[in-house]
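**Student:** I'll drop the sequence and a predicted model, then ask my questions.
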Amino acid sequence: MEKINIVVCSNNTEYKVAVKNKIVDENYSIIGYSEIENGAKTRIHGFVPDVVAFLLDSDEIDSSFLDFVEDLNLNSIGACAVILTNRISVDLVNSAAQVGVRQVMDISIGGEDFCKNISKIVSKERKLSQSVNIDRKVRSMVYAFFSGKGGVGKTTICTNTAVSLASRGKKTLLIDLDLQFGDADMALDVSPNETIVDLVRDTNGVSIDNLTTCCTSHLSGLSLLASPNSPELAEYVSADKVKAIIDVARSYFEYVIVDCGCALTDPVITAIESSDTVFMVNDVNILSLKRAKLCLDVLTQLNQKEKIKMIINRYAKKSAVKIQDFENLLGIPAYAVISADFKTVNTSLNNGQPVVTYKPRAVISRELNGFVSELVSEREGNSGKAKGKFSSRKKNS
């Protein structure tokens, strides 16, 4: 069974928790949440869900709400709308159907029945799409790269991942969210005219036109949203602005790579919460191991643990700290292992070229390209997979 992705839209926290508890099968996944507000359209469309579940009390289902649902135009992305509410009437069901809602359910419905209903609705929608030859858009992916310790090579992995994706013709955005000391622009040898500060201070708000205008293009086709020119400008970039940037980027870019700073600031936490996957980057030493455990504890408290995948960077067989030490302490298998090659990496940085284009045949380049091939394969299926050596230890294999 193909996985069914659900976005939950509600202003009621208890209702959000209630619907999350109804997911009793791994074939169903809540991929995002949204408030019922004007900015919801961009956020929901960016997720490209199969189902949008609206949860609210029956007395809130008025003409303005129904207009809101109709304006979302979910048919344009092949998504179905359902409503879960506390009281159901014939008039409510009829009114909802007129704006495209597929089904109205009682908020107290059991998890098994909820999933069965969702499955039937999505199955019909997919058959209809096939009958009229509608190609469904593949959902964009947002990857946050984070480390609790500086100097582990996180930015090197971010820039090379982004360039490798862009070089394959993928529409890719790299956001440098190390707001005080980000240097992705130097790693890519580009000189931004505008940065993330110019975007968030634009009086017209965060839109795709403003976002692309503030980006700097790399020779690979990559778009870079650079960090502020000066550390004190970081205060202009609030958590709300970061959320808005990622929501807008989802609707335009296939892949969004976020290079997070090492501190768990509000903007970084928001980026992590808005991401599909969080790659925790570590090098093999005791300090990195300690910081990784501390960060994992915090992210677990933020209910983000299920998103975390671990990357071991600068690995050498003679390291005193082993990969197994990270896996045993954190309880997470290493998703990717990137070899230590300081000479090649430093030379590529000094030349302003990502290592995957500077020395594509080097072992580290093959590993990085293999890592990217795996990301493409997971999003697009085996047809999107490219060749490349990839040191993976997923599921302790």
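**Tutor:** Nice, thanks for sending it over.

**Student:** so after the helix or strand hosting residue 344, what's the next helix or strand?
**Tutor:** In the assignment (DSSP states H and E), residue 344 maps to helix 342-350. Downstream of helix 342-350, the first helix or strand assigned by DSSP H and E is helix 355-358.

**Student:** buried set for that following helix?
**Tutor:** Neighbour counts over helix 355-358 (16 or more other Cβ atoms under 10 Å) mark 355-356, 358 as buried. Backbone N, C-alpha and C define where each C-beta goes, glycine included.

**Student:** quick check, residue 84 in a strand?
**Tutor:** Yes - assigned with DSSP: H, G, I helix; E, B strand; the rest coil, residue 84 falls within a strand.

**Student:** who is it paired with across the strands?
**Tutor:** Beta-bridge partners for residue 84, by DSSP bridges, are residue 55, residue 105.

**Student:** can you spell out which helices and strands pack onto the helix or strand hosting residue 96?
**Tutor:** According to DSSP H and E, residue 96 maps onto helix 90-98. Counting contacts by 3 or more Cβ pairs under 8 Å, 6 or more residues apart in numbering; DSSP states H and E, helix 90-98 packs against helix 63-72, strand 101-106.

**Student:** ok, the residue nearest to residue 156 when sequence neighbours are not counted - contacts?
**Tutor:** Of all residues not flanking residue 156 in the chain, residue 345 sits nearest, at 6.0 Å (Cβ to Cβ, 6 or more residues apart in numbering). By Cβ atoms under 8 Å, 6 or more residues apart in numbering, the contact set of residue 345 is 153, 156, 355, 364.

**Student:** repeat the analysis, applying 10 Å as the threshold.
**Tutor:** 153, 156, 160, 313-314, 338, 354-355, 358-359, 362, 364 (Cβ atoms under 10 Å, 6 or more residues apart in numbering).

**Student:** I'd assumed residue 244 was in contact with residue 205.
**Tutor:** Yes - contact status for residue 205 versus residue 244: in contact at 7.6 Å, counting by Cβ atoms under 10 Å.

**Student:** looking at those two, which one has more neighbours?
**Tutor:** Between residue 205 and residue 244, residue 244 has the larger neighbour count (other Cβ atoms under 10 Å), namely 22 against 12.

**Student:** what separation do you get for the more buried one and residue 99?
**Tutor:** The gap separating residue 244 from residue 99 is 26 Å, by Cβ to Cβ, to the nearest Å.

**Student:** go on, residue 289?
**Tutor:** According to Cβ to Cβ, residue 289 and residue 99 sit 53 Å apart.

**Student:** can you mark which positions in the one helix or strand residue 374 maps to are buried?
**Tutor:** In the assignment (DSSP H and E), residue 374 maps to helix 363-380. For helix 363-380, a neighbour-count test (16+ other Cβ under 10 Å) marks 364-376, 379 as buried.

**Student:** from the contact counts, what lies against it?
**Tutor:** strand 141-146, helix 154-167, strand 255-260, strand 277-283, strand 308-315, strand 334-339, helix 342-350, helix 355-358 (3 or more Cβ pairs under 10 Å, 6 or more residues apart in numbering; DSSP states H and E).

**Student:** CA atoms only: put the top helix by length along the chain into CSV for me.
**Tutor:** Longest helix in the chain, counting residues (DSSP state H): helix 111-131. Only the C-alpha atoms of helix 111-131 are listed here, as CSV (Å, rounded to 0.1, in the frame of the first residue of the first chain):
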residue,chain,number,x,y,z
GLY,A,111,-8.4,5.2,14.9
GLU,A,112,-9.1,2.1,12.9
ASP,A,113,-12.3,3.5,11.4
PHE,A,114,-10.6,6.8,10.7
CYS,A,115,-7.8,5.2,8.7
LYS,A,116,-10.2,3.0,6.8
ASN,A,117,-12.3,6.1,5.8
ILE,A,118,-9.1,7.9,4.8
SER,A,119,-8.0,5.0,2.7
LYS,A,120,-11.2,4.8,0.8
ILE,A,121,-11.2,8.5,0.0
VAL,A,122,-7.6,8.5,-1.2
SER,A,123,-8.1,5.4,-3.2
LYS,A,124,-11.0,6.9,-5.1
GLU,A,125,-9.1,10.2,-5.7
ARG,A,126,-6.0,8.3,-7.0
LYS,A,127,-8.2,6.3,-9.4
LEU,A,128,-9.8,9.5,-10.6
SER,A,129,-6.4,11.1,-11.2
GLN,A,130,-5.3,8.1,-13.2
SER,A,131,-8.4,8.0,-15.4
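
**Student:** and it, which residues are buried?
**Tutor:** Going by 16+ other Cβ under 10 Å, helix 111-131 has these buried residues: 114-115, 117-119, 121-122, 125-126.

**Student:** ok so, going back, dump the buried residues of helix 363-380 to CSV, plus pLDDT and distance to residue 296.
**Tutor:** Below are the buried residues of helix 363-380 laid out as CSV (pLDDT from 0 to 100; distance: Cβ to Cβ, whole Å):
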residue, pLDDT, distance to residue 296
364, 95, 26
365, 95, 29
366, 95, 29
367, 96, 24
368, 96, 24
369, 96, 28
370, 95, 25
371, 96, 21
372, 96, 25
373, 95, 27
374, 95, 22
375, 95, 22
376, 94, 27
379, 86, 25
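
**Student:** go through these and name the one nearest residue 55.
**Tutor:** residue 379 (28.3 Å; Cβ to Cβ).

**Student:** what distance do you get for the closest one to residue 140?
**Tutor:** When residue 379 is compared with residue 140 (using Cβ to Cβ), they lie 8 Å apart.

**Student:** likewise for residue 354?
**Tutor:** Note on residue 354: its distance to residue 140, by Cβ to Cβ, is 22 Å.

**Student:** equivalent analysis for residue 286, please.
**Tutor:** 37 Å.

**Student:** try residue 160
**Tutor:** In terms of Cβ to Cβ, residue 160 sits 20 Å off from residue 140.

**Student:** the more surrounded of the two?
**Tutor:** residue 160 (28 against 21).

**Student:** let me know whether residue 161 touches residue 365 as I believe.
**Tutor:** No - using Cβ under 10 Å, residue 161 makes no contact with residue 365, being 11.9 Å away.
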